[in-house]
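K.L.:
Below are the sequence and a predicted model; questions follow.
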Amino acid sequence: MNNEIRVRFAPSPTGPLHIGGVRTALYNYLFARQKGGKMILRIEDTDQTRFVPGAEQYIIEALTWLGIEFDEGVHIGGPYGPYRQSERKPLYREYADQLLRDGHAYYAFDTPEELDARRKECETRKEVFQYDCTTRTSMRNSLTLPADEVKRLIDSGTPYVVRFMFPDDTEITVDDLIRGRVTMNSRLLDDKVLFKSDGMPTYHLANIVDDHLMKISHVIRGEEWLPSAPLHVMLYKAFGWQDTMPQFAHLPLLLKPEGNGKLSKRDGDRLGFPVFPLDWTDPKTGEQSSGYRERGYLPEAVVNMLALLGWNPGDDREMMSMNDLIQLFSIDHISKSGARFNVEKARWFNHEYLQKVSDTELARLFEPQLQAHGVGASPDYVATVCGLMKERISFPSELWDTCHYFFVAPDSYDPAAIKKRWKPGMTTHMQKVIDILQSVPFEHDAIHHALIDEYITANGYNIGQIMNSLRLAVVGTTVGPDMITLMLTIGKEETISRVRRAIDTIGEV
C-alpha cells in the first residue's frame, strides 16, 4: 500500500461527461483533498473506435467549471506522464509480453466468425458462451496449438488478441471500502482480452499498468466496474504488485427519478433536466444536449446536490460548500444502494445558492434578458429589482417573467383578476389612491399611514379588494412583492401613470 494518497479520475473521451461521472470525480477530489493527497486526470482513450473529437476538452472544461481541481493530468502535466493512454501505447506491449512469458496470458487466434459460431452453438442449447477456463481448451489459441504453429501464425501477421488466463476453480476476493469483502469463483469469469488485434491494450490492462506506474493508492469508481475487480486483483498478483495494489471503492449507481435503472440522457430529455454538466453538440450527428451550466445552475449548487447523491455527512445538514464537503467527506458514509436522482431537489439547491449571489452579480446575469426585450435600465436599479425578487426564482432565466413589470408598464390586464377584484366603484378608489400619492411624502411609512390606515381601514373598506386592484393596475395581474415597496421602486410618476391608465382602460364595471 502506498503511503501517499493518490487518486485518479480516468474518463474515456467518447462523448459528454455524464453527471454520474462528475460525481465520481467529485468523490475522488473530496477524498484526496481531505487526506492531503493528489488528484490526477488521466484520459483513457485505448478504444479508438469510440473516440469523439472535443470530448476531452469538454471533460476538462466541465470539471474546471465545477471547481474540481487536479494536481497532475493530461492538461497540466506531471511527473508520471503522459496522462493520455494513446501516448503510452508502447508501454502496454511490454507488460502484455511479461504476462505471456510468465504464463498468466495467452495468444488467441479465434476469428470473429469462429466466436460467433460458438455463441450460436451455445444458444441452441440455451447456454451463454464464455471464453473461460472451461472452454479455452477447445478454442484456437496458444494453449491448444503447437508452439511452432503459434510462432508461424504470429510471424505471418495473423490477427490475434492476448487474453488473461484465470486459474481454474479459484476463489478471488476483492476487499471493497464500501461493500466489504466480495468473493467470486474464477469459473464464473471470462478470460478477458488484454491486448487487441489493433495493437492497443484494452481498458483492463492499461488501467492496471497506469494505476501502478502512477502510484495510485485508491481507486474510487462506479459500481459498474465491480464485476471487473476480480480480474484487476488477479492482474496485480500476476505482475507481483499485490503489496502496492490500491484500495477499491465502488460507488452506488445514480438511478432514474422514477422507475428502475441508471439515470440516462433519455430520462433528462423526458423529464426536462440535464444529465450533462455543460451543453454538448454531437460532432457526428449534430444532436444537442443541454447542460447544467447553460440551464442556469450554479456550480456550487450542482456540487452540493451531487455530493449528497450516495453520501451523507452523518447528520441531516444539506447546504455545504466545497470546503465543508472536503472536511466532512468519508468513504464510510457512502451508501451501498443506488441513489435516486431528484429533479426538484436539484432546483431547490439552485434556489438556495442563488440567494447567496450578490444583487450586482444577478443584475449582470439578467442584463442579456433586458437587452433582448429592448429595456435599458441603470445597473443600480436592476440590482435593486433583483434583490427584491430573487427569493421567487430558482434560475436567472426566470427573472424576466418574474419581474418584467418593474421595467415595462402592463399593456393588458388579467380578465380573471378584473372580474374578481375590480368591483363597482373601484375607479373612485383608484382616483383616491392617486390623490393620496400626490399629497403625501413618497416614502413607505407616509404612504402606509395615509392609504391603508387613514383611507382604507378608517373607512371600513376591504383592504384586500383595494390593494389587489391597485396591484392589478400597476402590474397587470395580482402577483408581485409588497405593493408599497413596488411603488417606491418604480417611482411616484410611473405608479400614478399606470393607475391612471388602468382607470381609463378598465373603467367602471
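P.N.:
Yes, it's here.

K.L.:
Least confident secondary structure element in this protein?
P.N.:
Every helix and strand of the chain was ranked by mean pLDDT, DSSP states H and E. The lowest is helix 265-271, at a mean of 82.

K.L.:
what's the distance between the residue of the chain positioned farthest from its centre and residue 452?
P.N.:
Within the chain, the residue lying farthest from the chain centre (Cα atoms, centre = their mean) is residue 459, at 58.1 Å. To residue 452, residue 459 is 11 Å away according to Cβ to Cβ, to the nearest Å. In short, each C-beta sits where N, CA and C put it, glycine included.

K.L.:
Please could you give me each C-alpha atom of stretch 43-62, formatted as PDB?
P.N.:
Below are the C-alpha coordinates for stretch 43-62, written out as PDB (Å, rounded to 0.1, in the frame of the first residue of the first chain):
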ATOM      1  CA  ILE A  43      -7.700  10.200 -20.300                       C
ATOM      2  CA  GLU A  44      -8.400   6.500 -21.200                       C
ATOM      3  CA  ASP A  45      -8.600   6.500 -25.000                       C
ATOM      4  CA  THR A  46      -7.500   3.000 -25.800                       C
ATOM      5  CA  ASP A  47     -10.700   2.300 -27.700                       C
ATOM      6  CA  GLN A  48     -10.100   4.500 -30.700                       C
ATOM      7  CA  THR A  49     -13.300   3.400 -32.400                       C
ATOM      8  CA  ARG A  50     -15.300   5.200 -29.800                       C
ATOM      9  CA  PHE A  51     -13.200   8.400 -29.700                       C
ATOM     10  CA  VAL A  52     -15.200  11.600 -30.100                       C
ATOM     11  CA  PRO A  53     -13.400  14.900 -31.100                       C
ATOM     12  CA  GLY A  54     -13.900  17.600 -28.500                       C
ATOM     13  CA  ALA A  55     -14.900  15.200 -25.700                       C
ATOM     14  CA  GLU A  56     -11.500  15.500 -23.800                       C
ATOM     15  CA  GLN A  57     -11.700  19.300 -23.800                       C
ATOM     16  CA  TYR A  58     -15.400  19.100 -22.700                       C
ATOM     17  CA  ILE A  59     -14.400  17.000 -19.700                       C
ATOM     18  CA  ILE A  60     -11.700  19.400 -18.600                       C
ATOM     19  CA  GLU A  61     -14.000  22.500 -19.100                       C
ATOM     20  CA  ALA A  62     -16.800  20.800 -17.100                       C
END
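
K.L.:
Can you pull out the residues in contact with it?
P.N.:
Stretch 43-62 is contacted from outside by 10-17, 22, 41, 74-75, 83-86, 198, 200-203, 206-207, 276-278, 280, 282-284, 291, using Cβ atoms under 8 Å, 6 or more residues apart in numbering.

K.L.:
how far is it from where the chain is centred?
P.N.:
In terms of Cα atoms, centre = their mean, to the nearest Å, the centre of stretch 43-62 is set 17 Å apart from its chain centre.

K.L.:
in it, what counts as buried?
P.N.:
Neighbour-count burial for stretch 43-62 flags 43-47, 52, 55-56, 58-62 (criterion: 16 or more other Cβ atoms under 10 Å).

K.L.:
Kindly report the same for stretch 277-284.
P.N.:
Result for stretch 277-284 [16+ other Cβ under 10 Å]: buried residues 277-280.

K.L.:
any residues touching that stretch, and which ones?
P.N.:
15-17, 19, 22, 52-54, 58, 61-63, 65-66, 287-294, 302.

K.L.:
and these, which are buried?
P.N.:
Neighbour counting with 16+ other Cβ under 10 Å marks 15-17, 19, 22, 52, 58, 61-63, 66, 289-293, 302 as buried within the contacts of stretch 277-284.

K.L.:
could you pull out the strands for this protein?
P.N.:
6-9, 38-41, 72-73, 105-108, 161-164, 171-176, 180-185, 193-195, 218-222, 247-251, 254-255, 280-281, 288-289, 339-340 (DSSP state E).

K.L.:
which secondary structure elements does the third one contact?
P.N.:
Contacting strand 72-73 under the criterion 3 or more Cβ pairs under 8 Å, 6 or more residues apart in numbering; DSSP states H and E are the following elements: strand 38-41.

K.L.:
The strand it packs on pairs with which strands?
P.N.:
If you go by DSSP bridges, strand 38-41 pairs up with strand 6-9 (parallel), strand 72-73 (parallel).

K.L.:
Can you say which of the ones you listed is nearest to residue 348?
P.N.:
Closest to residue 348 of the strands paired with strand 38-41, according to Cβ to Cβ: strand 6-9, at 27.3 Å.

K.L.:
Rounded mean pLDDT for the closest one, please.
P.N.:
If you average the pLDDT over strand 6-9, you get 98.

K.L.:
contacting residues around it?
P.N.:
Outside strand 6-9, the residues within contact range by Cβ under 8 Å, 6+ apart are 24-25, 28-29, 31-32, 37-42, 63, 70, 211, 214-220.

K.L.:
do stretch 202-215 as well
P.N.:
By Cβ under 8 Å, 6+ apart, the residues outside stretch 202-215 that reach it are 2, 4, 6, 8, 10, 12, 40, 42, 44, 46-47, 80, 85, 88, 91-92, 95-96, 164, 192-196, 201, 216, 219, 228, 231-232, 235-236, 239, 241, 244, 246.

K.L.:
From those, list the buried ones, please.
P.N.:
Listed as buried from the contacts of stretch 202-215 are 6, 8, 10, 12, 40, 42, 44, 46-47, 80, 85, 88, 91-92, 95-96, 164, 192-196, 201, 216, 219, 228, 231-232, 235-236, 239, 246; burial here means 16+ other Cβ under 10 Å.

K.L.:
Can you tell me which of the residues you listed end up in helices?
P.N.:
Among the buried ones among the contacts of stretch 202-215, the ones falling in helices (DSSP state H) are 91-92, 95-96, 231-232, 235-236, 239.

K.L.:
Would you format these as TSV with distance to residue 400 included?
P.N.:
Formatted as TSV, those follow (distance: Cβ to Cβ, whole Å):
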residue	distance to residue 400
91	55
92	55
95	59
96	60
231	55
232	53
235	57
236	58
239	61
